[in-house]
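> Structural data only, the sequence is not supplied:
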């Protein structure tokens with residue numbers, strides 16, 4: 001833990017030194033930043049994700065940009081449970097809103113047709129080519145985040161600072177390898193500044209469909225959309241000293257995008273039942 005905190009402190013010092021320097025706004029660099037911040041289009045359109053054969057997610061596009069998604073709960077038949085909507089100006093994402101079903105009762109397989117706003121992310125106009133501010137407001141469980149993303153020279157995210165949240169504030173830092181995949185991450189919550197969670201990742205060398213979409217398979221901004229290749233292993237130790245290891249075994253299409261992945265999890269050597277995701281493209 002001391003080693004983790006030492007590395008975390010060194011990263012913080014390096015970050016502060018960089019932020020002390022005024023950086024000119026470079027539109028060419030901003031356009032090349034990774035999704036959802038830049039203006040790059042997807043290379044192939046992922047349309048559906050199935051969990052053990054049941055539909056859980058659908059994605060929709062305006063030209064070659066992700067414009068929205070629908071998420072489903074896996075009862076006897078897939079039932080719509082939420083939607084995500086993206087708004088852009090001059091190809092640059094300005095907002096991203098999520099609506100969810102007003103009520104879900106699993107024991108009765110009931111999902112309300114009424115939707116309510118869960119949260120909205122508003123992307124501020126960039127002021128430099130190294131940072132972007134995102135304001136996030138939650139409505140179901142009211143809270144707000146002022147999130148700042150820091151980019152390296154190649155336009156990849158290396159830090160996410162949400163320490164100014166009304167609750168559950170955090171800071172996450174990412175270390176990238178030569179392929180620009182996140183090899184290590186460190187996160188600490190502002191409510192527990194003396195503790196940090198370190199996670200290590202391994203990857204294949206094939207394209208990650210979520211990388212240029214800008215969201216993961218649940219429609220969220222998460223580790224699974226940050227790297228250009230697919231995660232094959234992630235490992236971390238929780239606050240109680242238990243080792244968590246996730247492994248991802250892929251089958252690929254002829255263009256090397258994933259066709260299927262089997263996900264397994266072990267906690268202190270005890271493995272839970274694996275599950276399978278299938279990817280369907282347009």
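Done, it's in. Worth saying up front: this structure is predicted, and the values here are computed from it rather than measured.
> Might you list the low-confidence residue ranges for the protein?
Across the chain, residues meeting the criterion (pLDDT under 70) sit at 1-24, 193-194.
> Now do the residue of it most remote from its centre against residue 76, distance only.
Largest separation from the mean C-alpha position in the chain: residue 108, at 31.2 Å (CA atoms, centre = their mean). Distance, residue 108 to residue 76, using CB to CB, to the nearest Å: 12 Å. Using the backbone N, CA and C atoms, a C-beta is placed for each residue, glycine as well.
> Mind giving me the packing neighbours of the helix or strand hosting residue 121?
Counting by DSSP states H and E, the element that carries residue 121 is strand 115-123. Other elements packing on strand 115-123 under the criterion 3 or more CB pairs under 8 Å, 6 or more residues apart in numbering; DSSP states H and E are strand 78-89, strand 92-101, strand 131-138.
> So which of the ones you listed is nearest residue 263?
Among the helices and strands packed on strand 115-123, strand 78-89 comes nearest to residue 263, with 19.5 Å by CB to CB.
> what angle sits between that closest one and strand 115-123?
Counting by axes from the mean of the first three to the mean of the last three CA atoms, to 10 degrees, strand 78-89 lies at 30 degrees to strand 115-123.
> What pairs with strand 78-89, parallel or antiparallel?
Next to strand 78-89 in the sheet, as set by DSSP bridges, lie strand 65-74 (antiparallel), strand 92-101 (antiparallel).
> For those, could you give me a markdown table that also reports mean neighbour count?
A markdown table is the format used below for the strands paired with strand 78-89 (neighbours: other CB atoms under 10 Å):
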| stretch | mean neighbour count |
| --- | --- |
| strand 65-74 | 19 |
| strand 92-101 | 18 |
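> Which one, of those strands, ends up nearest to residue 135?
Ranking the strands paired with strand 78-89 by proximity to residue 135 (CB to CB) places strand 92-101 first, at 9.6 Å.
> neighbouring contacts of the next helix or strand after that closest one?
Of the helices and strands lying after strand 92-101 in sequence (DSSP H and E), the nearest is strand 104-105. Strand 104-105 has contacts (CB atoms under 8 Å, 6 or more residues apart in numbering) with 73, 81, 110-112.
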